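[1] Got a predicted structure plus its sequence, pasted below:
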Amino acid sequence: MKKNIPFFVLLYSVITTTALLAQVQQAVYQDEDTPPESFTILLKDEWAYLNDAVTQLKTDTENKGEFETTQEFRARVISSREALKSKLNAHLKDTRLDSRIFGLWFKASLVSYNADSGIYSVKCPTIIEAPYSIPAIDCFVPSNPYVGLADSIRGGYRTSSIFLKFNPAFEWKIDRNEAKTAKGNESNIFFKIHFVVSLLQEGSAVHGELRIIPKDIALINKGNNTVYWNAEIR
């Protein structure tokens, strides 16, 4: 019986490790690879949550009560703003937005290769729908060299989109043979960008911010996970 104990311990260890690995892989899939449609839904849900919270703050603090002194009113306004900040922080923790990182794929289009300079011109037609700003809510991507957010009118409706702002194209320095290989695998070539999402209520104005923050960008062969180029976004 004693000789069998190590076997059962080893078996239990393998099963436990396999289960934990499966959990980690599932968590990575949920938090890392995010379909554009799912990211759009999440952003719109967070926009609506922030708008409701800011609207409630405005309702609660825009008028001084009849039997309320000015000092009491000012104190109540400050207290209400602090309560909203606490509410948003709790919401970020409850939804894990304070720790989640969303990975989104943007299709790369290999336009043309210059054999003399070794530069491949790459464009990206992918756009991801996002909420737009209103007087009470700013929805924005912080200024950076790679990712932008812009309003447009499509089908007579106002919309906002996340896009890659290469102007006119991304210049990819690559060896000619590698360029040929990449062209043969163009259907698998994507830009991948990691985003975090944050909700804020700052300053004295009754105003909220939905921040869509890109953290890094990479040009990747999605078929074999080859990373051709990457950069942090600051």
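    Happy to help now that I have it. Just so you know, these numbers come straight off a predicted model, no measurement behind them. Numbers count the residues shown, from 1 in each chain.

[2] what residues are up against residue 150?
    Counting by Cβ atoms under 8 Å, 6 or more residues apart in numbering, residue 150 touches 160, 161, 163. Any C-beta I mention is one placed from the backbone N, CA and C, and that applies to glycine too.

[3] The closest residue to residue 101 other than its chain neighbours bridge partners, please.
    Computed as Cβ to Cβ, 6 or more residues apart in numbering, the closest residue to residue 101 that is not its neighbour in sequence is residue 194, at 5.1 Å. Beta-bridge partners for residue 194, by DSSP bridges, are residue 103, residue 216.

[4] wait, what's in contact with residue 194?
    Contacts of residue 194 by Cβ under 8 Å, 6+ apart are 32, 101, 102, 103, 104, 214, 215, 216.

[5] ok, which stretches of this protein are strands?
    Remark: strands assigned in the chain by DSSP state E are 102-107, 109-114, 119-123, 127-130, 137-140, 147-154, 157-164, 170-173, 189-200, 208-221, 226-232.

[6] what sits up against stretch 152-166?
    Outside stretch 152-166, the residues that reach it (Cβ under 8 Å, 6+ apart) are 106, 122-124, 126-133, 139, 141, 145-151, 170, 191, 212.

[7] Just the buried positions in it, please.
    The neighbour-count check on stretch 152-166 (16 or more other Cβ atoms under 10 Å) flags 160, 161, 162, 163, 164 as buried.

[8] just stretch 81-99 next, same as before
    Of all the residues in stretch 81-99, those buried under the rule 16+ other Cβ under 10 Å are 81, 84, 87, 88, 91, 92, 95, 97.

[9] can you tell me which residue is nearest the centre of this structure?
    With distances taken as Cα atoms, centre = their mean, the residue of the chain nearest its centroid is residue 195 (2.8 Å).

[10] That one contacts residue 214, correct?
    Yes - if you go by Cβ atoms under 8 Å, residue 195 and residue 214 touch, sitting 5.5 Å apart.

[11] coming back round to it: name the stretch from the strands of the chain where average model confidence is lowest.
    Lowest mean pLDDT within these: strand 147-154, at a mean of 90.
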